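> Following is a predicted model, sequence given first.
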Amino acid sequence: MALVDVNSYLVHWDLDGHFGNIQLNLSNNTAIAIGGQSPEEMMMLVDILRNERPIRFDTDARRISTAPEPIGEGE
């Protein structure tokens with residue numbers, strides 16, 4: 001498992017094709033494209049990217065993850 005911090009992201013939604021793409025810009029100076037999300041999946045991913053810190057990307061398993069948070073933590 002190679003966890004890399006996500007520094008920034010770019011969201012694209014194709015209005016005609018009705019699909020989304022996200023580009024993750026990683027701390028190791030690479031970019032990962034995640035494509036073909038449904039509207040529901042796109043909203044969930046953008047919500048995580050917008051509201052959680054830190055965000056990490058597992059380059060082997062292709063997973064987005066957050067850091068552990070205590071139960072009941074208010075933001």
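Noted; the coordinates are in hand. Please read all numbers here as calculations on a predicted model, not as lab measurements.
> With Leu15 as the reference, measure out to Ser65.
Distance, Ser65 to Leu15, by CB to CB, to the nearest Å: 30 Å. All C-beta spots, glycine's among them, are computed from the backbone N, C-alpha and C.
> ok, those two, which is more surrounded?
Higher neighbour count among Ser65 and Leu15: Ser65, with 16 against 6, using other CB atoms under 10 Å.
> got a list of what the more buried one touches?
Residues in contact with Ser65 (CB atoms under 8 Å, 6 or more residues apart in numbering) are Leu3, Ile55, Arg56, Phe57, Asp58.
> Could you give me the buried positions within the helix or strand of the chain with the lowest mean pLDDT?
The helix or strand of the chain with the lowest confidence, counting by mean pLDDT, DSSP states H and E, is strand 31-37 at a mean of 86. Neighbour-count burial for strand 31-37 flags Ile32, Ile34, Gln37 (criterion: 16 or more other CB atoms under 10 Å).
> what's the strand ranked longest in the chain packed up against?
Ranked by number of residues, the top strand in the chain under DSSP state E is strand 3-14. Counting contacts by 3 or more CB pairs under 8 Å, 6 or more residues apart in numbering; DSSP states H and E, strand 3-14 packs against strand 19-26, helix 39-51, strand 55-58.
> repeat that with 10 Å
strand 19-26, strand 31-37, helix 39-51, strand 55-58, strand 63-66 (3 or more CB pairs under 10 Å, 6 or more residues apart in numbering; DSSP states H and E).
> ok, and the most crowded of the contacts of Ser65?
Phe57 (21 neighbours).
> Hmm, that residue is touching Ala33, no?
No: using CB atoms under 10 Å, Phe57 is not in contact with Ala33; the gap is 11.6 Å.
> what is in contact with these two at once?
Leu24 (CB atoms under 10 Å, 6 or more residues apart in numbering).
> Report the contact partners of the closest residue in space to Ala67 that isn't next to it in sequence.
Distance criterion CB to CB, 6 or more residues apart in numbering; nearest residue to Ala67, sequence neighbours excluded, is Pro54 at 5.4 Å. If you count contacts by CB under 10 Å, 6+ apart, Pro54 has them with Leu3, Asp5, Val6, Asn7, Ser27, Ser65, Thr66, Ala67.
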